[in-house]
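> Predicted structure and sequence below. I'll ask about it afterward.
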Amino acid sequence: MTSPIVHSSKPVALYGAGAASLADVEEVQSLSGQCVAADGGARLATEAGIELDAVIGDFDSISADILAQIPAERHHRVAEQDSTDFDKALRHIDAPVVLAAGFLGGRLDHQLACLHALARHAHRPCVLVGAEEIVTLCPPEVHLRTRRGDVVSLFPLAAVEGTSTGLRWCIDGLAFDPVTTIGTSNEATGPVTLTMSGPDMIVIAPRHCLTALTQALVLASPHGRWPARAEQRRDPPRP
């Protein structure tokens, strides 16, 4: 099983090398405790003046000058090439929730890989922070402080069912599947509550929901979280 590198009882900020603004960083920082970079994401953090607690990745996209600014004991190289740097970082952070900036926008294949990692490590709650939206794997139950007219999209990564309140088009009784039935471009009539039968539904909500969602994930009981999936990647021993 994977051994965590970073442990925290508070939200942890995670920075990637994708699109992110200083406003994204400032909001994530205001909600987080420890700060981690996924490989090349160290540049975003360093340029924003953030002191990183750890850099995790295979170190193939971080420059030597950025790496030199971070104490060597905070370098955590994960050499395998079978996963992305986001996956490497996420599976090594043990926290109530990870707030990840710099992973949306840019290359679509990178974003799809992030969604795969969210589902693979469903027991590691994580919210991807974009310019206008947030993306997360729906927990067993979630309350979103949406406003009337907000777009709330649901995209299944596998067969899954759920219930809803506060959506213009209720999802009760629907058998979601990525090939046959998806739930994009739904609309909130006010605050939204969702429940899911399994850890396979991606939720896309407005950016203004970030603070309340973060608080809800921090306060969630063990029954409000997904367990680890049966198969987890085994990492080689770290030196």
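Looks like it came in fine.
> hey, let's count contacts and neighbours off CA atoms from now on
OK.
> buried ones in the longest strand belonging to the chain?
In the chain, assigned by DSSP state E, the strand with the most residues is strand 183-196. Under the neighbour-count criterion of 16 or more other C-alpha atoms under 10 Å, strand 183-196 has 183, 186, 187, 188, 189, 190, 192, 193, 194, 195, 196 buried.
> residues in contact with the closest residue to residue 151 other than its chain neighbours?
If you skip the residues right next to it in sequence, residue 151 has residue 187 as its closest partner in space, 4.7 Å away by C-alpha to C-alpha, 6 or more residues apart in numbering. For residue 187, the contacting residues are 148, 149, 150, 151, 152, 167, 168, 169, taking C-alpha atoms under 8 Å, 6 or more residues apart in numbering as the criterion.
> ranges for the strands of the protein?
With DSSP E as the criterion, the chain has strands spanning 6-7, 12-15, 35-38, 54-57, 75-77, 93-94, 98-101, 126-129, 133-137, 141-144, 151-156, 162-167, 183-196, 201-206.
> Name the residues of stretch 18-35 that come out as buried.
By neighbour count with 16+ other C-alpha under 10 Å, stretch 18-35 contains the buried residues 18, 19, 20, 24, 25, 28, 29, 31, 32, 34, 35.
> How about the contacts made by the third one?
Right, residue 20. Residue 20 is in contact with 101, 102, 103, 104, 130, 131, counting by C-alpha under 8 Å, 6+ apart.
> which residues of the protein score low on pLDDT?
Residue ranges of the chain with pLDDT under 70: 1, 230-239.
> centre of the chain versus the longest helix along the chain, how much separation?
Ranked by residue count under DSSP state H, the longest helix found in the chain is helix 108-120. Distance of helix 108-120 from the chain centroid (C-alpha atoms, centre = their mean, to the nearest Å) equals 10 Å.
> And it, what's buried?
Buried residues in helix 108-120, counting neighbours by 16+ other C-alpha under 10 Å, are found at 110, 111, 114, 115, 116, 117, 118, 119, 120.
> In terms of secondary structure, what does that helix contact?
Here helix 108-120 is seen to pack against helix 85-90, strand 133-137 when contacts are counted using 3 or more C-alpha pairs under 8 Å, 6 or more residues apart in numbering; DSSP states H and E.
> strands paired with the last one, and their directions?
Applying DSSP bridges, strand 133-137 is found paired with strand 126-129 (antiparallel), strand 201-206 (antiparallel).
> So which residues make contact with that strand?
The contact list for strand 133-137, computed with C-alpha under 8 Å, 6+ apart, reads 118-119, 122, 125-129, 199-207, 209-210.
> what's the domain layout of the chain?
Domains of the chain are assigned by automatic domain parsing as 8-131, 135-205.
> Report the distance from the longest one to the chain centre.
By that I understand domain 8-131. Its chain's C-alpha centre lies 10 Å from the corresponding centre of domain 8-131 when counted by C-alpha atoms, centre = their mean.
> same question, the shortest one
For domain 135-205, the distance between its averaged C-alpha position and the chain's averaged C-alpha position is 17 Å (C-alpha atoms, centre = their mean).
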